[in-house]
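Colleague: with the sequence up front, the predicted model follows.
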Amino acid sequence: MAGIGFQLARTATDGGVGGIVGAAAFGALISAGPWLITAVAMAALNGWSVGHLLRADAVIVHTVLIYGFSLSALAAAPIGILATRMAADRIFARDAAGVTGIVIVALGAGGAIALVVGALLFGFLAGLSPGRAMLATIILAWLTQIWIVAPLLTTLRRYRAVPLAYLGGIGLAVILLAFLPARDASGVLAAIAIGVGVTLAAILWTIHCHFAAPPILRLRGAITPGMARIVAAAGTAAVAAIWIDKWLLWAGPDSVATIGWLRLNPINDQGSFLGLLTMVPGLTLILVVGETRFDRAFGDLIARCTGTSTLERVEEARREVRRTLLDALRLLVLVQALVAALAWVLAVPLFDAIGADTRAIFAFRQTSLGAVFHLIAIAATVALAYYDLFGRIMLTWAAFAIASAVATLLQWNYGFAAFGWGYMAGAVVGACVAMALVAEATVNLIYLLFVGNNPSVVGQQGRLL
């Protein structure tokens with residue numbers, strides 16, 4: 001993503017005030033565009049379903065989409081992050097055929113997992129009819145495959161492709177919904193499935209046009225089994241960190257039964273999802289400012305390490321990496337803390353304006369504050385990824401997820417006023433662990449580069465932590 005940041009930074013520098021605004025808007029679109037588009041589409045669908053669907057049908061659609069969105073992210077996490085890591089190595093080696101082979105295998109594996117999960121979830125636990133269970137499972141499978149392949153579009157320098165693909169799929173679904181002969185859950189799920197399929201097809205076509213070589217799966221030397229397990233676990237833990245408090249509260253005292261054995265917690269879900277949207281400014285800063293500057297500083301350090309620089313000049317570059325990290329973190333915390341403060345102050349008029357349940361204000365406020373620490377953890381794990389310390393990334397997100405689950409369970413019976421505290425506690429713990437790990441690695445970075453994480457010394461599997 002640093003390549004995108006370079007272009008946006010240049011736009012902001014050369015374009016004056018308009019360039020700054022444009023870079024910020026475009027950065028938000030790239031870093032969180034699909035997420036924002038999906039959130040708006042979900043809100044619009046919920047509003048539309050009130051006047052066009054029976055309550056039972058609306059509940060089915062709503063439940064399928066929420067479970068499909070969350071579980072598709074979980075199913076895609078280990079495969080998607082591993083495929084991205086392996087594809088990055090093939091791109092660096094200018095091996096287009098190898099990238100295509102990785103994509104095909106990843107799509108097949110992710111789709112197979114999602115089909116099994118969907119069949120058990122919607123066919124057995126939800127007790128949907130075979131037709132509706134099949135449509136819900138298809139949505140889950142295609143969403144999983146979108147999670148897997150969408151990051152590869154950032155390698156093509158065609159950054160508009162992802163949001164345009166989402167808009168195209170949603171637009172087609174809207175058209176189909178407008179002309180449904182009989183508006184029930186089956187028809188709506190079919191329209192949504194077609195829209196999701198079009199989005200996936202658009203993304204795959206874009207990738208196919210760029211990586212046009214016949215697919216070849218090169219397993220020899222691709223990645224060691226130990227490293228593959230660590231990378232996959234890191235991706236899974238990162239998704240669990242975001243969702244685990246929601247999953248637990250779906251079975252909490254304030255949850256409601258929806259379809260079959262499936263449950264939701266409308267109050268917490270509404271406030272949490274709105275609170276997570278406050279992360280957009282921070283994600284944009286990480287993209288446009290943080291990772292771009294860090295990429296330059298770290299690249300300079302690597303160049304000195306592989307060149308003929310003295311130890312003094314190498315140490316000077318390491319100190320610049322540390323300074324860059326601290327400057328980016330200071331700016332990130334300042335901006336995101338301001339956003340969180342505005343969310344706390346403006347929560348009541350915001351919820352009145354959109355007609356949301358005011359009981360969800362507690363979850364919204366706690367989540368918006370937790371987002372500050374969540375972004376600190378994200379920024380720190382970006383640096384750890386550059387250092388190739390995926391074991392520490394896994395530990396960061398595992399600590400986040402465990403702390404979030406424990407805090408949620410400790411406040412199990414405290415009612416809706418405690419919603420969001422679990423996520424916030426997890427984010428604080430995750431941020432602290434991440435900062436400690438990245439600080440220790442940055443202090444000892446020269447040792448790690450030459451000895452501690454050097455494949456010729458520790459082996460191709462790398463360090464665990």
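Modeller: Structure's in. What do you need? Numbering: from 1, shown residues only.

Colleague: and for the chain, the residue most distant from the center?
Modeller: Among residues of the chain, the one most distant from the C-alpha centroid is Thr310; the distance is 40.2 Å, by CA atoms, centre = their mean.

Colleague: tell me how far it lies from Arg359.
Modeller: For Thr310, the distance to Arg359 under the criterion CB to CB, to the nearest Å works out to 63 Å. For the C-beta atoms, the positions are set from N, CA and C on the backbone; glycine is no exception.

Colleague: with Thr381 instead?
Modeller: Separation of Thr381 from Arg359 (CB to CB): 33 Å.

Colleague: which one's more surrounded, those two?
Modeller: Thr381 (23 against 18; other CB atoms under 10 Å).

Colleague: so for the more buried one, what's the pLDDT?
Modeller: Confidence at Thr381, expressed as pLDDT, is 95.

Colleague: so what's it closest to, chain neighbours aside?
Modeller: Setting aside the residues directly before and after it, Thr381 is nearest to Ile393 in space (CB to CB, 6 or more residues apart in numbering), at 4.8 Å.

Colleague: OK, contacts around the one you found?
Modeller: Contacts for Ile393 were tallied using CB atoms under 8 Å, 6 or more residues apart in numbering; they are 234, 238, 381, 384-385.

Colleague: any idea which element it lies in?
Modeller: Counting by DSSP states H and E, the secondary-structure element that holds Ile393 is helix 390-410.

Colleague: name the residues of that helix that are buried.
Modeller: Within helix 390-410, the residues scored as buried using 16 or more other CB atoms under 10 Å are 390-405, 407-408.

Colleague: and stretch 96-112, by the same measure?
Modeller: Judged by neighbour count (16+ other CB under 10 Å), stretch 96-112 contains these buried residues: 96-103, 105-107, 109-111.

Colleague: circling back: quick one: mark the members of the contacts of Ile393 that sit in strands.
Modeller: Using DSSP state E, no member of those sits in strands.

Colleague: can you redo those as a markdown table with distance to Pro130?
Modeller: A markdown table is the format used below for these (distance: CB to CB, whole Å):
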| residue | distance to Pro130 |
| --- | --- |
| Ala234 | 37 |
| Ala238 | 34 |
| Thr381 | 42 |
| Leu384 | 46 |
| Ala385 | 43 |
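
Colleague: which of these has the most neighbours?
Modeller: For the contacts of Ile393, the largest number of neighbours (other CB under 10 Å) sits with Ala234, at 27 neighbours.

Colleague: what are the boundaries of the strands in the chain?
Modeller: Ranges of strands within the chain are 256-257, 263-264, based on DSSP E.

Colleague: just say which of these is most tucked in.
Modeller: The highest average neighbour count among the strands of the chain, using mean count of other CB atoms under 10 Å, belongs to strand 263-264 at a mean of 18.

Colleague: so where's the stretch 201-350 of the chain shaky on pLDDT?
Modeller: Applying pLDDT under 70 to the stretch 201-350 of the chain picks out residues 219-221.

Colleague: quick one: pLDDT of Gly422?
Modeller: Turning to Gly422, the model gives it a pLDDT of 95.

Colleague: not counting sequence-adjacent ones, nearest residue to it?
Modeller: Thr408 (3.1 Å).

Colleague: contacting residues for the one you found?
Modeller: For Thr408, the set of contacting residues under the criterion of CB under 8 Å, 6+ apart consists of 244-245, 248-249, 421-423.

Colleague: same thing but 6 Å
Modeller: Contact partners of Thr408, counting by CB atoms under 6 Å, 6 or more residues apart in numbering, are 245, 248, 422.

Colleague: so the last one makes contact with Ser404?
Modeller: The reference is to Gly422. Yes. Here Gly422 reaches Ser404: they are 4.9 Å apart, a contact under CB atoms under 6 Å.

Colleague: intersection of neighbour lists for these two?
Modeller: Where contact means CB under 6 Å, 6+ apart, the residues bridging Gly422 and Ser404 through contact with each are Asp245.

Colleague: show the pLDDT at the closest residue to Ser404 other than its chain neighbours.
Modeller: In space, Ser404 comes closest to Gly426 once its chain neighbours are excluded; the distance is 2.7 Å by CB to CB, 6+ apart. We note a pLDDT of 97 for Gly426 in this prediction.

Colleague: residues near Gly426, how many?
Modeller: Gly426 sits with 30 neighbouring residues when counted by other CB under 10 Å.

Colleague: contacts only, for it.
Modeller: Counting by CB under 6 Å, 6+ apart, Gly426 makes contact with 400, 403-404.

Colleague: can you redo these as a markdown table with distance to Trp142 and pLDDT?
Modeller: Putting the contacts of Gly426 into a markdown table (distance: CB to CB, whole Å; pLDDT from 0 to 100) gives the following:
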| residue | distance to Trp142 | pLDDT |
| --- | --- | --- |
| Phe400 | 28 | 98 |
| Ala403 | 33 | 97 |
| Ser404 | 29 | 97 |
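
Colleague: which one of those residues is nearest Leu437?
Modeller: The shortest separation between Leu437 and any of the contacts of Gly426 is 12.4 Å, and it belongs to Phe400 (by CB to CB).

Colleague: ok, for that closest one, nearest residue in space, not its chain neighbours?
Modeller: Nearest non-adjacent residue to Phe400, counting by CB to CB, 6+ apart: Gly430, 3.0 Å away.

Colleague: quick one: the one you found from Leu177, how far?
Modeller: 39 Å.

Colleague: neighbour-wise, which of those two wins?
Modeller: A count of neighbours by other CB under 10 Å puts Gly430 above the other of Gly430 and Leu177, at 31 against 19.
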